[in-house]
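Trainee: Next come a sequence and a model predicted from it.
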Amino acid sequence: MQKRQTVEIFQQRLSELIERTGQTRARFAAKAGFDRSTLSQLLSKSNVRLPRAETIARIAARHAVSVDWLLGLSQQDQITADIVSQPVVEPNADDPANEGLRRWHQESRGAKIRYVPSSLPDQVKTEAVIRYENVKLTMAAADAMSESARARIEHAHRADSEIEVCSSRQSLELFAAGEGIWRHLALRERHRQLEHMATIVEELYPAYRWFLFDGRERFAAPYTVFGQKRAAIYIGSMYFVFTSTEHIRELTDHFEQLIRHAVIQPNETAAFIRKQM
């Protein structure tokens, strides 16, 4: 293979890798240990040289691909080879202005969103509940988070979009009873939240479908599958983001298992919510 051809293949695959991670060029470069200007130089059409071997190795290691794939010596990129391969870590997950989360939702328009919430689904929370859950946020930040939640529910308003949610029935029962983290949330606010959720679930069904499983039988950490593009597991203050076909397939299969074991179907969820009031 000619040197110039190798450079061209490297640039093509580097561009593909950046796109698959869903990161900005600045974030991608920082993760690989250099700045955006260096990355721009590597991708420049006027560039006729490969970067140093340690630079290529660092890109491969930080973004879970093989050096051979980057250089065009292999068609196996290794992203899909191992389900425990290194994910992309997206920090600031609790930031109401998180750019990554906003972009992932925009890019998945027209696709199905599969969502396991950490508490109540973000799309159906009232502003009072958002402020209560995020007690350390400023008023402006809480307002920004409320606006973000409202924007996400718009996904289900589009005729070509779907949102499926799975959570335990016990999470709703604990909320209604004011137990656990909800102990200090006023009863009137809990009732408002329950009525708000029931109304949205009714209005948006079947585009918005909320399944409830028995938490004594099933467990699920919070995660979201954004169509076929990516999946993000929330671990508190950060996301582990996967863009490989294998990771997305595995989490989609896990979600389908939750649906199959649901004890309350989406057409029953609103009534179940109102029974908690």
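Mentor: Cool, got the structure.
Trainee: from here on, contacts and neighbour counts on C-alpha atoms
Mentor: Will do.
Trainee: For the stretch 1-150 of the chain, which segments count as helices?
Mentor: Secondary structure of the stretch 1-150 of the chain by DSSP state H, counting those that start in this stretch: the helices cover 3-21, 25-32, 36-43, 53-62, 67-70, 99-107, 127-133, 139-157.
Trainee: ugh, typo on my part, it should be the stretch 151-277 of the chain
Mentor: Ranges of helices in the stretch 151-277 of the chain, per DSSP H, counting those that start in this stretch, are 169-177, 187-204, 245-260, 266-275.
Trainee: Tell me if I'm right that Gly227 and Ser108 touch.
Mentor: Yes - using Cα atoms under 8 Å, Gly227 is in contact with Ser108, at 6.0 Å.
Trainee: circling back: now the helices of the stretch 151-277 of the chain as TSV including mean pLDDT and mean neighbour count?
Mentor: Supplementary listing: these in TSV, determined by pLDDT from 0 to 100; neighbours: other Cα atoms under 10 Å:
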stretch	mean pLDDT	mean neighbour count
helix 169-177	97	18
helix 187-204	96	17
helix 245-260	90	17
helix 266-275	98	18
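Trainee: which one of those lies closest to Ser118?
Mentor: Of all these, helix 169-177 sits nearest to Ser118, with 9.5 Å by Cα to Cα.
Trainee: show me the contacts for the nearest residue to Arg49 once chain neighbours are set aside.
Mentor: Leaving out its chain neighbours, the residue that sits closest to Arg49 by Cα to Cα, 6 or more residues apart in numbering is Val7, at 6.4 Å. Residues in contact with Val7 (Cα atoms under 8 Å, 6 or more residues apart in numbering) are 48-50, 71.
Trainee: State the pLDDT value of Val7.
Mentor: pLDDT for Val7: 88.
Trainee: Next one: the residue nearest the centre of the chain relative to Gln12, how far apart?
Mentor: Central residue of the chain (Cα atoms, centre = their mean): Ala232, 3.5 Å from the mean position. Ala232 sits 26 Å away from Gln12, going by Cα to Cα, to the nearest Å.
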